[in-house]
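In: Just need the structure, nothing else, for what follows:
(one chain, ligands or ions: 1)
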Amino acid sequence: MTASQPAKTPTSAVMKTYGRADLSFVRGDGCWLITDDGDRYLDCASGIAVNTLGHSHPALIAALRDQAGKLWHTSNLYRIPGQERVAEKLASLTGLDQVYFCNSGAEANESAVKMARRAAYENGQTDRTTILCASGSFHGRTLGMLAATDKPVNRTGFGPMPDGFDHVPFGNLNELRAALGDHVAAVMIEPVQGEGGARDAQDDYLRGVREAADEFGALVIADEVQSGIGRTGTLFAYQTSGIKPDIIAMAKGLGGGFPVGAVIASEAVGNAMTPGTHGSTFAGNPLAMAVAEVILDEVTAPGFLEDVRRRANIMRSLLAEVAGRHPEAIAEIRGRGFLCGVRLADSVPAGDLVAALRELRMLTVPAGENTVRFLPPLIICEDEIRLAVESFATALASMTSR
Ligand SMILES: *Cc1c(COP(=O)(O)O)cnc(C)c1O
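Out: Below you'll find the predicted structure:
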């Protein structure tokens with residue numbers, strides 16, 4: 001297969017909602033994925049920013065095995081001790097108050113939007129329902145989150161869309177202020193956009209969003225589904241700005257591969273959600289909580305995030321060296337930490353480069369604005385980073401010399 005051919009999609013009964021590469025992995029080991037043929041791939045995708053601690057991390061295996069032998073599922077009709085422990089950690093790590101558990105990123109955002117609207121409603125502001133989203137945003141695939149996501153093509157054939165979602169240009173405070181008013185329940189923002197192309201919202205902008213939202217009586221929802229759980233070098237990406245959102249949605253990295261999401265909210269928002277207002281059968285089950293607890297403990301262990309930042313900076317400067325040698329092919333290195341993006345010149349389609357890298361046994365993920373995302377497990381070591389950047393340089397050279 002040459003780089004420019006589309007990935008081969010094997011025939012199977014699985015619905016073709018993904019254009020899948022003809023690769024199947026049977027085992028994982030740290031930052032490596034191993035196919036049924038025994039080929040080893042360097043994983044700089046992490047299942048799209050999910051495998052926070054890589055594959056087969058011993059502490060995660062032990063926690064899941066231990067919980068699997070005790071209890072899998074009860075119901076949110078009863079107390080779940082693991083939820084109480086994880087919620088306590090998330091609340092104290094963010095200075096917010098109440099945590100709602102769910103199963104995915106779309107569900108976390110959907111829940112965040114419900115909370116923002118309900119909080120306004122409980123305040124007697126029943127017309128405050130609009131959610132302001134950003135251009136280039138991605139919030140998920142449910143009907144509600146299709147309306148929130150700024151990708152009209154994803155909505156084709158799925159209308160009618162739910163009302164109450166407007167979009168403003170990402171990073172533009174004047175446009176945001178012009179769109180705010182007493183009809184707005186919340187501003188929903190990814191502090192670093194993932195699918196949009198590893199675009200950093202910048203701390204100044206986030207501070208401006210917080211200020212403007214306060215002025216107009218709107219809440220701030222941080223969609224940290226991709227940027228959260230240490231991915232950008234801090235536990236949550238918004239934290240470098242010093243602001244405090246009212247609601248934080250997370251999912252991808254929280255379970256390190258086990259499906260789990262969560263929403264952390266302020267007391268005022270949380271109090272609007274009384275028994276019966278929201279729920280999900282599987283949400284926050286004991287298996288998910290056992291794993292999430294380990295993830296949070298590891299990521300917040302002394303020195304862990306500091307070392308993530310150090311290694312991410314190494315990757316970034318090595319990528320910048322490659323960019324310096326290929327100004328015709330690389331437009332910009334962007335993103336933050338290990339949510340790192342290389343925006344390519346139009347002559348180098350991101351999908352082709354991802355395919356070329358796959359040929360070199362390395363996994364990356366394409367994103368908006370012709371960007372290739374490097375999303376390695378947060379535990380990637382310096383040698384693996386060097387190997388990843390060498391493969392990237394080789395793939396780029398093979399494509400630009402044609
Ligand atoms: C992936 C993603 C979602 C959707 O998460 P799912 O688990 O796929 O539903 C929402 N927001 C952001 C920022 C994401 O990256």
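In: Show me which residues of this protein sit near the ligand.
Out: Contact residues (Cβ under 6 Å from any ligand atom) of the chain with the ligand: 104-106, 109, 138-140, 190, 194-195, 223, 225-226, 251-252. To be clear about C-beta, it is placed using only N, CA and C from the backbone, and glycine gets the same treatment.
In: could you redo the last one with a cut-off of 5 Å?
Out: Selection of the chain residues close to the ligand by Cβ under 5 Å from any ligand atom yields 104-106, 139-140, 190, 194, 223, 225-226, 251.
In: Doesn't Tyr41 lie inside a strand?
Out: Yes - the assignment for Tyr41 (DSSP: H, G, I helix; E, B strand; the rest coil) places it in a strand.
In: what residues go with each domain of the protein?
Out: Taking automatic domain parsing as the domain assignment, the ranges for the chain are 25-56+303-400, 71-299.
In: and the longest one, what's its mean pLDDT?
Out: Translated: domain 71-299. The average pLDDT for domain 71-299 rounds to 98.
In: Now do the phi/psi pair for the residue in the stretch 101-250 of the chain that the ligand sits nearest to.
Out: With Cβ to the nearest ligand atom as the measure, Gly105 is the residue of the stretch 101-250 of the chain nearest to the ligand, at 2.1 Å. Backbone geometry at Gly105, expressed as degrees, to the nearest 10, gives phi -70, psi -50.
In: cool, and the one 5 residues further on?
Out: Backbone torsions of Glu110, given as degrees, to the nearest 10, read phi -60, psi -40.
In: pretty sure it contacts Leu143?
Out: No - between Glu110 and Leu143 there is no contact, the gap being 9.1 Å when judged by Cβ atoms under 8 Å.
In: Just the endpoints, please. Distance across stretch 142-157?
Out: Terminal residues of stretch 142-157 are spaced 14 Å apart (Cα to Cα, to the nearest Å).
In: Residues touching it, excluding its own?
Out: 106-107, 109-110, 113, 131, 133-141, 158, 161-165, 167, 188, 195-196 (Cβ atoms under 8 Å, 6 or more residues apart in numbering).
In: Can you flag which of those residues belong to strands?
Out: 131, 133-134, 165, 167, 188 (DSSP state E).
In: residues touching whatever residue of the stretch 251-400 of the chain ends up closest to the ligand, list them.
Out: Nearest residue of the stretch 251-400 of the chain to the ligand, counting by Cβ to the nearest ligand atom: Ala251, 4.9 Å away. When contacts are counted by Cβ under 8 Å, 6+ apart, Ala251 touches 102, 104-105, 107-108, 225, 260-262.
In: Buried ones in the lengthiest helix in the chain, by neighbour count?
Out: Using DSSP state H to define each element, the chain has its longest helix at helix 304-325. By 16 or more other Cβ atoms under 10 Å, the buried positions in helix 304-325 come out as 304-305, 308-309, 311-312, 315-316, 318-319, 322-323.
In: can you list those residues in CSV and add pLDDT and distance to Ala237?
Out: Listed next are the buried residues of helix 304-325 as CSV, based on pLDDT from 0 to 100; distance: Cβ to Cβ, whole Å:
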residue, pLDDT, distance to Ala237
Phe304, 98, 16
Leu305, 98, 12
Val308, 98, 12
Arg309, 98, 12
Arg311, 98, 17
Ala312, 98, 12
Met315, 98, 17
Arg316, 98, 16
Leu318, 98, 22
Leu319, 98, 19
Val322, 97, 25
Ala323, 97, 23
